[in-house]
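**Student:** Let's see this in three dimensions:
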Amino acid sequence: MLSDLKALGVFFKYSPKRQRTMEASMEAENAKRKAANQPPIRAQKLKLLCETRWVERHTALTDFRELYPAVVHCLQVISGQVATASNVTYDGKSVTEANGLLRAVTSDAFLVALSCNIFLFGFTKCLSVLLQGSHIDILTAYSEITSAKELLQDVRINSDVEFATIYAAASELTSLFGHAHPELPRLVSRQTLRNNTPAPTLEIYWRRAVFVPFVDSLIEQLNSRFSAIATAAVQGLLLLPGSVQSITSQQQQSILDTFSPDLPDSTYFGVELRRWKKKWEGVVVAPETITTLLDAVNPTAYPNITRILHLLLVVPVTTATVERSNSALKIIKTDLHNSMSQERLNALVLLYVHKAIPIDHERVLDRFAKAKPRRFLLSDPTAPEVA
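**Tutor:** Alright, predicted model coming up:
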């Protein structure tokens, strides 16, 4: 299904002629909606499925669902199945591709898969936005990923109830082509190249053939992609005051093995951990996050634990930060700024990426004035003159 959407996006993106036909189909669909007192189409055009940014994939799916009637009408016009007043003709390659795409996007299997994708990706859209942000620590990411997996597991357990809504949405799409419900594909007794799941009803067949395997695959992908995050996050959770008393000797050794190369004095980590447990023993109101815990810890008394907490804060959850830095370089390191030093380049990239961090301009001016006292006198032009 996703490959068909990608091919459809390429089909329209690189041809202004096809795009104009698509715009005409959108205008015709909006006219129908206006006559029926329905809201118009908000999406402007089809988007390509981005290979790296998952948020863009969610947007592309929702836009395609909204544009679906206009897309079908446009493909029918290009393939010659529907006549228009414009008398625009297309070459044989465009007609052939339009026929193939029209057959793909109007199949019952495609419509069921599209409805399943839109429903299940709703559980991961907010997670994708969060993971692409620049202000997220590993414990927050672990908590949100765990929550998403638990919700998907509940959907898997209650698949018969959850799929009823999806099946109704797919039936609404198939009704555009005269089918009250998605039809059962042709099945034979020894079929091996397609799903041959036996089922007493149409809804149960599509649930077993499309929905359940997709949910299982999505849960497995979350487990495999974020297994390293889960391991590091669990080690960080053990150091929080609420769970530090339950650390076993095996868990203590695991934390030490993971962070030993970066600790200032790993020899005394065991003794320091015992003092850390004693510090929070019996405390009722204790910090629950790493950020608040760092404000309450004395780095001189607990250097190793402070270093571990700092490392957990800066561990990259995804590669979005690296990709964001590469994107910033194209804007900052231009031909006119090609001779800047490495220190200045790093500072400008940090300022560009972390725009949400406030800057105290007075402190910047004071530091510059102290560092370069001979350049000029930094005075306030609005201050009254002293006689």
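
**Student:** pLDDT weak spots in this protein?
**Tutor:** 51-52, 85, 133-139, 189, 191-194, 228-236, 315-325, 372-387 (pLDDT under 70).

**Student:** ok, now which ones touch the residue nearest the centre of it?
**Tutor:** Taking Cα atoms, centre = their mean, the centroid of the chain lies closest to S128, which sits 2.0 Å from it. Contacts for S128 (Cβ atoms under 8 Å, 6 or more residues apart in numbering) come out as W54, V55, H58. For every residue, glycine as well, the C-beta is placed using N, CA and C.

**Student:** Equivalent analysis for V155, please.
**Tutor:** By Cβ under 8 Å, 6+ apart, the neighbours of V155 are L120, F123, E162, V215.

**Student:** Make a markdown table from these and add neighbour count and secondary structure to it.
**Tutor:** Output for those, formatted as a markdown table (neighbours: other Cβ atoms under 10 Å; DSSP: H, G, I helix; E, B strand; the rest coil):
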| residue | neighbour count | secondary structure |
| --- | --- | --- |
| L120 | 18 | helix |
| F123 | 17 | coil |
| E162 | 18 | helix |
| V215 | 22 | helix |
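
**Student:** hang on, the earlier thing: buried ones among the contacts of S128?
**Tutor:** The neighbour-count criterion (16 or more other Cβ atoms under 10 Å) marks W54, V55, H58 among these as buried.

**Student:** With adjacent residues omitted, what lies nearest to the first one?
**Tutor:** Closest residue to W54 in three dimensions, ignoring its sequence neighbours and counting by Cβ to Cβ, 6 or more residues apart in numbering: S128, at 4.2 Å.

**Student:** same question, the last one
**Tutor:** Distances taken as Cβ to Cβ, 6+ apart place K125 nearest to H58, at 4.5 Å, with adjacent residues excluded.

**Student:** I'd like to know how many residues surround the one you found.
**Tutor:** 16 (other Cβ atoms under 10 Å).

**Student:** how much space between it and V55?
**Tutor:** 7 Å (Cβ to Cβ, to the nearest Å).

**Student:** before we move on, the earlier item: among the contacts of S128, which are located in helices?
**Tutor:** Per DSSP state H, helices hold the following members of the contacts of S128: W54, V55, H58.

**Student:** Pipe the residues you listed into CSV and attach distance to R33 per row.
**Tutor:** Below are the ones in helices among the contacts of S128 laid out as CSV (distance: Cβ to Cβ, whole Å):
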residue, distance to R33
W54, 30
V55, 27
H58, 24
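
**Student:** Let's verify S86: helix, strand, or coil?
**Tutor:** coil (DSSP: H, G, I helix; E, B strand; the rest coil).

**Student:** ok, now which ones touch K333?
**Tutor:** Per Cβ under 8 Å, 6+ apart, neighbours of K333: M340, L345.

**Student:** run the last query once more with 7 Å
**Tutor:** L345 (Cβ atoms under 7 Å, 6 or more residues apart in numbering).

**Student:** just to revisit the earlier point, which one of the buried ones among the contacts of S128 sits closest to T201?
**Tutor:** The closest of these to T201 turns out to be H58 (Cβ to Cβ; 30.8 Å).

**Student:** ok, the closest one to I219 distance?
**Tutor:** Taking Cβ to Cβ, one finds H58 at 18 Å from I219.

**Student:** Do a quick rundown of the helices in the stretch 251-387 of the chain.
**Tutor:** 269-280, 290-296, 303-314, 320-332, 342-353, 361-371 (DSSP state H, counting those that start in this stretch).

**Student:** What distance do you get for the residue lying closest to F259 once chain neighbours are set aside to L294?
**Tutor:** Distances taken as Cβ to Cβ, 6+ apart place I308 nearest to F259, at 5.1 Å, with adjacent residues excluded. As judged by Cβ to Cβ, I308 and L294 stand 11 Å apart.

**Student:** Which one of the two is surrounded by more residues?
**Tutor:** Using other Cβ under 10 Å, the more surrounded residue of I308 and L294 is I308, with 22 against 16.

**Student:** wait, that one sits on T258?
**Tutor:** No. The pair I308 and T258 fails to qualify as a contact (Cβ atoms under 7 Å) at a distance of 8.7 Å.

**Student:** ok, of the contacts of S128, which one's closest to G80?
**Tutor:** Out of the contacts of S128, the member with the shortest distance to G80 (by Cβ to Cβ) is H58, at 33.9 Å.

**Student:** quick one: contacts for that closest one?
**Tutor:** Applying Cβ under 7 Å, 6+ apart, the residues contacting H58 are F121, K125, S128.

**Student:** about what we covered before: and the ones in helices among the contacts of S128, which is closest to I145?
**Tutor:** Nearest member of the ones in helices among the contacts of S128 to I145, counting by Cβ to Cβ, is W54, at 13.2 Å.

**Student:** if we can go back for a sec, just the ones of the contacts of H58 in strands?
**Tutor:** Under the assignment DSSP state E, the contacts of H58 contribute nothing to strands.

**Student:** Which one of those is nearest to F368?
**Tutor:** S128 (40.5 Å).

**Student:** gap between the closest one and L75?
**Tutor:** Taken as Cβ to Cβ, the span from S128 to L75 is 30 Å.

**Student:** now do Q251
**Tutor:** For Q251 relative to L75 (Cβ to Cβ), the value is 59 Å.
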